[in-house]
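Colleague: Turn this into a structure:
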Amino acid sequence: MAKINGNEIRPGNTLEHDGGLWVAVKVSHVKPGKGGAFAQVEMKNLRNGTKLNERFRSADKVEQIRLEQKDQQFLFEADGMLTFMDSETFEQIALPADLLGDRRPFLQDGMTVTIEYYDVEALNVSLPEKVTCTIEETEPVVKGQTAANSFKPAVLDNGVRITVPPFVGQGEKIIVNTETFEYVERA
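Modeller: Modelled structure (predicted):
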């Protein structure tokens, strides 16, 4: 494990701080008129999801953790647990469904996800950035409605509500960004 200076922390870095594992969400470097410069870091705990704002001076040393990433295939869900299989060793692992949070509806059968491990502990599940979904219900397509920034509400086959352009109709397949829950394009 590598120790880095407080001013070298970047968003996405995994850090060991106060006995916990944290991921840096936002980092802003502040140079006040009086006193030394520091990095204001918003961190999220990888084990329980709590957030913490911390100041690190350039002289502060922080332990940077490298997480092992493995691609695994989603098999099924049972009793609030998601079962994944390692595509190389065929070992199966069951993780709590709340690890995905509000991105859970985008997980589809057979989907390959990236699971981050610290030793043998699974900490995070990353879905593919774009997923194909079908529109279950939306307002009908209106011919000639081509306003640049007009969007209409739609419900996807997984129950998620998003906004789509007016030319997209019910039953069409679209590509959705799993990070922002936004329409990307037609499939």
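Colleague: Okay, helices next: where are they in this structure?
Modeller: Shown for the chain, no helices are assigned by DSSP state H.
Colleague: Give me the domain ranges for it.
Modeller: Listed domain ranges for the chain are 2-65, 68-126, 130-186 (source: automatic domain parsing).
Colleague: I'd like the distance from the longest one to the chain centre, please.
Modeller: Taking CA atoms, centre = their mean, to the nearest Å, one finds the center of domain 2-65 at 20 Å from the center of the full chain.
Colleague: Between its first and last residues, how far does that domain reach?
Modeller: 7 Å (CA to CA, to the nearest Å).
Colleague: Then the last one?
Modeller: The first and final residues of domain 130-186 sit 12 Å from each other (CA to CA).
Colleague: repeat for the second one
Modeller: Between the opening and closing residues of domain 68-126 there is a gap of 13 Å (CA to CA).
Colleague: follow-up on the earlier one: including mean neighbour count and mean pLDDT, could the domains of the chain go into TSV?
Modeller: Every residue, glycine included, has its C-beta placed from N, CA and C. TSV is the format used below for these (neighbours: other CB atoms under 10 Å; pLDDT from 0 to 100):
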stretch	mean neighbour count	mean pLDDT
domain 2-65	14	90
domain 68-126	14	89
domain 130-186	14	86
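Colleague: Only the C-alpha atoms, please, for stretch 110-125, written as CSV.
Modeller: Extracted C-alpha coordinates of stretch 110-125, given in CSV (Å, rounded to 0.1, in the frame of the first residue of the first chain):
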residue,chain,number,x,y,z
GLY,A,110,-26.6,-12.6,-17.5
MET,A,111,-25.1,-9.0,-17.3
THR,A,112,-21.4,-8.8,-16.7
VAL,A,113,-20.5,-6.3,-13.9
THR,A,114,-17.3,-5.2,-12.2
ILE,A,115,-16.9,-6.1,-8.5
GLU,A,116,-14.2,-4.3,-6.5
TYR,A,117,-12.5,-6.4,-3.8
TYR,A,118,-10.4,-5.5,-0.8
ASP,A,119,-8.7,-8.8,0.0
VAL,A,120,-11.7,-11.1,-0.1
GLU,A,121,-14.3,-8.5,0.9
ALA,A,122,-16.5,-7.3,-2.0
LEU,A,123,-17.0,-3.5,-1.5
ASN,A,124,-18.6,-2.2,-4.7
VAL,A,125,-20.5,-3.3,-7.8
